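Asker: No sequence on hand, only this structure:
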């Protein structure tokens, strides 16, 4: 796990974030329900869960691409509502598909030049110098400035997308599945690039991923989402070594590389219901191997786990170690 500097106050604070969308029937579907998290300068936090759990919606709301229905997003203590240009610069999103997010008709130089001029970050000869510096930061040659996206490999395109994101000197990168479309060896180099940029530029990183191995390799802390809610959070190594929510345990059992020292527990049953059809009580109870009557009646709050510093879990039995067996 990467080391990070720990300032006294979080850079990013998200409180009670909720986002809903209109359905084809005309009603509203709650995609994200009361998500709270924080991230310190230079820290990497992973947000994990199955497809459709709301991870990308959280990422887009934090980056300012979606308007939350409820909740607060603060950067350095200031609420991000009607974002100024400086506040938009401060949080940059790196997309899953770099080719789709890059203009195929424009060279890398023209894209970077426009950003530097628009945000008044460089002028005259300094623009070219800064463009070359950005290429060096992401591990590309200066000649890459004259190329268009089609001339790059997938990994190189992602480096270009990262260069575009850091060109405006952000405080925080939000990376949405940034290596899921890449080969394993290429993905490893991109993760190493994120780690280096965190260190050199003191950037915070919110990494959205379904790949627990990726999160374990780079993230200081992790938050696990299920049906639009955070169900467990804490230091990455602590959560992965001793999960206190059955859903976290199920994700880990599906990634045996991370838990080779633990025998397989009961497998996750079925699939998550759609966001508009959450079950009553605990949203996970209809798939949970530990379910009891209280789980069907009462939704557990996300609260501190007794005896575990910095850990929270939304489970009636979070005080138990999840061994895969009933106590």
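Answerer: That came in fine, so what should we check first? As the structure is a prediction and not an experimental result, all values here were calculated from the model.
Asker: can you map out the strands along the stretch 201-327 of the chain?
Answerer: 204-209, 221-226, 229-235, 303-304, 312-313 (DSSP state E, counting those that start in this stretch).
Asker: so the first one versus strand 221-226, what angle?
Answerer: Think strand 204-209. 40 degrees (axes from the mean of the first three to the mean of the last three C-alpha atoms, to 10 degrees).
Asker: What strands line up against strand 204-209, and which way round?
Answerer: Here strand 204-209 is paired, per DSSP bridges, with strand 44-48 (parallel), strand 172-176 (parallel).
Asker: could you dump the ones you listed to JSON lines with distance to residue 221 and mean neighbour count?
Answerer: To be clear about C-beta, it is placed using only N, CA and C from the backbone, and glycine gets the same treatment. JSON lines is the format used below for these (distance: least, C-beta to C-beta, whole Å; neighbours: other C-beta atoms under 10 Å):
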{"stretch": "strand 44-48", "distance to residue 221": "5", "mean neighbour count": "25"}
{"stretch": "strand 172-176", "distance to residue 221": "14", "mean neighbour count": "24"}
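Asker: picking up where we left off before, may I see the strands of the stretch 201-327 of the chain organised as CSV, with mean neighbour count added?
Answerer: Output for the strands of the stretch 201-327 of the chain, formatted as CSV (neighbours: other C-beta atoms under 10 Å):
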stretch, mean neighbour count
strand 204-209, 25
strand 221-226, 25
strand 229-235, 24
strand 303-304, 12
strand 312-313, 25
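Asker: Mind putting the strands paired with strand 204-209 into a markdown table with mean pLDDT and distance to residue 80?
Answerer: Below are the strands paired with strand 204-209 laid out as a markdown table (pLDDT from 0 to 100; distance: least, C-beta to C-beta, whole Å):
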| stretch | mean pLDDT | distance to residue 80 |
| --- | --- | --- |
| strand 44-48 | 98 | 17 |
| strand 172-176 | 97 | 11 |
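Asker: Tell me which of the ones you listed lies nearest to residue 60.
Answerer: strand 172-176 (7.9 Å; C-beta to C-beta).
Asker: quick one on the thing from earlier: turn the strands paired with strand 204-209 into CSV, columns for distance to residue 11.
Answerer: What follows is these, written out as CSV (distance: least, C-beta to C-beta, whole Å):
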stretch, distance to residue 11
strand 44-48, 11
strand 172-176, 6
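Asker: Looking at those strands, spot the one closest to residue 17.
Answerer: Proximity to residue 17, assessed across the strands paired with strand 204-209 by C-beta to C-beta, is greatest for strand 44-48 (11.6 Å).
Asker: what's in contact with the helix or strand following the closest one?
Answerer: Proceeding N to C from strand 44-48, the next assigned helix or strand is helix 55-62, under DSSP states H and E. Contact with helix 55-62 is made by 12, 14, 17, 19, 31-32, 35, 47-49, 66-68, 73, 91, 93, 174, 176-177, 206, 208-210, 225, 228, as judged by C-beta atoms under 8 Å, 6 or more residues apart in numbering.
Asker: quick one, which of the strands paired with strand 204-209 is nearest to residue 199?
Answerer: Per C-beta to C-beta, nearest to residue 199 of those: strand 44-48, 10.7 Å.
Asker: Centre of the chain to the closest one, how far?
Answerer: 5 Å (C-alpha atoms, centre = their mean, to the nearest Å).
Asker: Could you check the angle that strand makes with strand 229-235?
Answerer: 140 degrees.
Asker: now the angle from strand 44-48 to helix 55-62?
Answerer: Using the same axes, to 10 degrees, strand 44-48 lies at 130 degrees relative to helix 55-62.
Asker: buried set for stretch 47-57?
Answerer: By neighbour count on 16 or more other C-beta atoms under 10 Å, the buried set for stretch 47-57 is 47, 48, 49, 50, 52, 53, 54, 55, 56, 57.
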